[in-house]
Each structure stands twice: as C-alpha cells, then as structure tokens.
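Give me coordinates for this.
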Amino acid sequence: MKTYTKILGFTAALAVLFLTACSPLPNGSDDGPDEGEDELPRTPSGEVDIDAVSEADDVSECVKTTLGPCPCNAGGQPVAINERYLELFEEQNNGRENAACPQVVLCTDQEPSLVNGSCTLST
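Below is the predicted model of the structure:
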C-alpha cells in the first residue's frame, strides 16, 4: 500500500507541474499594444485572441509565426498576425521552454495575406 501511495503522490505532483507550466497567461487588454503595454488580447478562457491580433489594414502589416511554444516542424501551428503584436506574441505565447512538442510537421509554404481586414495564411 505504501508503494501505491508513493506512486499516486508522484503522479499528482507531476500533474500539478504540468498544469502549472501549461496554464494560460493572465488576460490583457483588448485594444492592441500601446506604448509600454506588455499583454496580448485574450479570450475569456485566457487564450491569445487570434482574431484580435490578426486585425490589419494592409497586407504589409501581416507576418507569419507559430502558435504555441513549438516550431512548425514539431507541432506548432503556423498563423498570420499583425506585425505590431509579433514581439509580444513570441514572448508571451511561445516563451515556454519546458513544453513537450509532438513530432508532427505542420510547416507550410503559405504566405500571409489579408482577407476582410484579418491576416491569414494562403497559397
């Protein structure tokens, strides 16, 4: 019974560490980064609001990056966002060095484009 309790305790500790490392970052404001602003727009669930960070007036504002801490050759989803959010996006969304990345290649040759005021990836 002691072995079972130790294993259960160890498993619970690992689960807490994993959930802590993967928890969403605190909510930021909804209106884009202003001078000195250090948070991205977030959904009510705490995820990055991709719709908000993808809004743009011109295709020249759109850049390609990866959603999450993993590169596209290790499970990271390629996305297009407004370049004004790129630095914060990479710092806050991708800045988790301890993430376990699946070995799935999602890289594409799609380039950023602008559709109805939103950056997107297209061929």
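
low-scoring stretches of this structure, by residue?
1-38, 93-97 (pLDDT under 70).

mind listing the helices in it by residue range?
Ranges of helices within the chain are 2-22, 50-54, 86-94, based on DSSP state H.

what about Cys70, neighbour count?
Using other Cβ atoms under 10 Å, Cys70 has 20 neighbouring residues. Backbone N, C-alpha and C define where each C-beta goes, glycine included.

Surely it is in contact with Asn98?
No. Using Cβ atoms under 8 Å, Cys70 is not in contact with Asn98; the gap is 11.7 Å.

who's Cys119 bridged to?
On the basis of DSSP bridges, Cys119 is bridged to Leu114.

quick one: it and Arg42, what's the gap?
Counting by Cβ to Cβ, to the nearest Å, the separation of Cys119 from Arg42 is 18 Å.

These two: who's more crowded?
A side-by-side neighbour count of Cys119 and Arg42, using other Cβ under 10 Å, places Cys119 first with 24 against 20.

doesn't Tyr85 make contact with the more buried one?
No. Counting by Cβ under 8 Å, Cys119 stays clear of Tyr85, with 9.8 Å between them.

Which neighbours do those two have in common?
Common contact partners of Cys119 and Tyr85 (Cβ atoms under 8 Å, 6 or more residues apart in numbering): none.

Next up, the contacts around the residue nearest to Val59 when sequence neighbours are not counted.
In space, and not counting its chain neighbours, Val59 is closest to Leu114: 4.1 Å by Cβ to Cβ, 6 or more residues apart in numbering. Contacts for Leu114 (Cβ under 8 Å, 6+ apart) come out as Ala56, Asp58, Val59, Glu61, Cys62, Thr120.

Which ones among those residues lie within strands?
Among the contacts of Leu114, the ones falling in strands (DSSP state E) are Cys62, Thr120.

Now list the buried members of the contacts of Leu114.
In the contacts of Leu114, burial by neighbour count holds for Ala56, Glu61, Cys62, Thr120, counting by 16 or more other Cβ atoms under 10 Å.

Provide the backbone phi and psi angles at Thr43.
Backbone torsions for Thr43, taken as degrees, to the nearest 10, come to phi -80, psi 170.

Let me see the contact set for the closest residue to it other than its chain neighbours.
Excluding the flanking residues, the one nearest Thr43 by Cβ to Cβ, 6+ apart is Asp49, at 5.1 Å. By Cβ under 8 Å, 6+ apart, Asp49 lies in contact with Asp30, Leu40, Pro41, Arg42, Thr43.
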